[in-house]
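*Asks:* Structure of the sequence below:
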Amino acid sequence: VQLVESGGGLVHPGGSLRLSCAASGFTFSAYDMSWYRQDPRLERELVARIKSTDGSINYADPVKGRFTISRDNSKNTLYLQMNSLQSEDTAMYYCHARSPMGFGSWGQGTQVTVSL
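*Replies:* Here you go, the predicted model:
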């Protein structure tokens, strides 16, 4: 399993970014996919998840209405569209894949910094 995140960077408050996670080495369409984030001072937290079975989605309360998770199974890629970014969104963002057997894998992360 290989997960490679991209798309992070520095953005002003109110701005937008689109993160991508390129997946390889496994059957992408069969895995539940998620985005997590971690501020160095805090624990890693779930941002959004999209299931493989029915495509159902859930979001953490702080990002509801601002972030959109999606997946393109034909491209083996997971996305996170982030709008109306706030300083509180500053974190390292990680892609996570969960196999049908329950095994998880992480990407290396991409840094998102929201600042003036």
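
*Asks:* which ones are touching Pro100?
*Replies:* Taking Cβ atoms under 8 Å, 6 or more residues apart in numbering as the criterion, Pro100 is in contact with Ala30, Tyr31, Ser52. Just so you know, the C-beta spots here come from the backbone N, C-alpha and C atoms, and that holds for glycine as well.

*Asks:* On the three-state scheme, the residue nearest the centre of the chain is what?
*Replies:* Closest residue to the average C-alpha location of the chain: Trp35 at 2.6 Å, with Cα atoms, centre = their mean. Assigned with DSSP: H, G, I helix; E, B strand; the rest coil, Trp35 falls in the strand class.

*Asks:* any chance of the contacts of Pro100 in JSON lines, plus secondary structure?
*Replies:* Converted to JSON lines, the contacts of Pro100 look like this (three-state DSSP):
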{"residue": "Ala30", "secondary structure": "helix"}
{"residue": "Tyr31", "secondary structure": "coil"}
{"residue": "Ser52", "secondary structure": "coil"}
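
*Asks:* need the residues you listed in JSON lines with neighbour count, pLDDT and distance to Trp106, can you?
*Replies:* Output for those, formatted as JSON lines (neighbours: other Cβ atoms under 10 Å; pLDDT from 0 to 100; distance: Cβ to Cβ, whole Å):
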{"residue": "Ala30", "neighbour count": "12", "pLDDT": "97", "distance to Trp106": "18"}
{"residue": "Tyr31", "neighbour count": "24", "pLDDT": "97", "distance to Trp106": "13"}
{"residue": "Ser52", "neighbour count": "19", "pLDDT": "95", "distance to Trp106": "17"}
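
*Asks:* sorry, back to before: does the residue nearest to the centre of the chain really touch Met82, like I thought?
*Replies:* No - the pair Trp35 / Met82 is not scored as a contact, 9.4 Å apart, by Cβ atoms under 8 Å.
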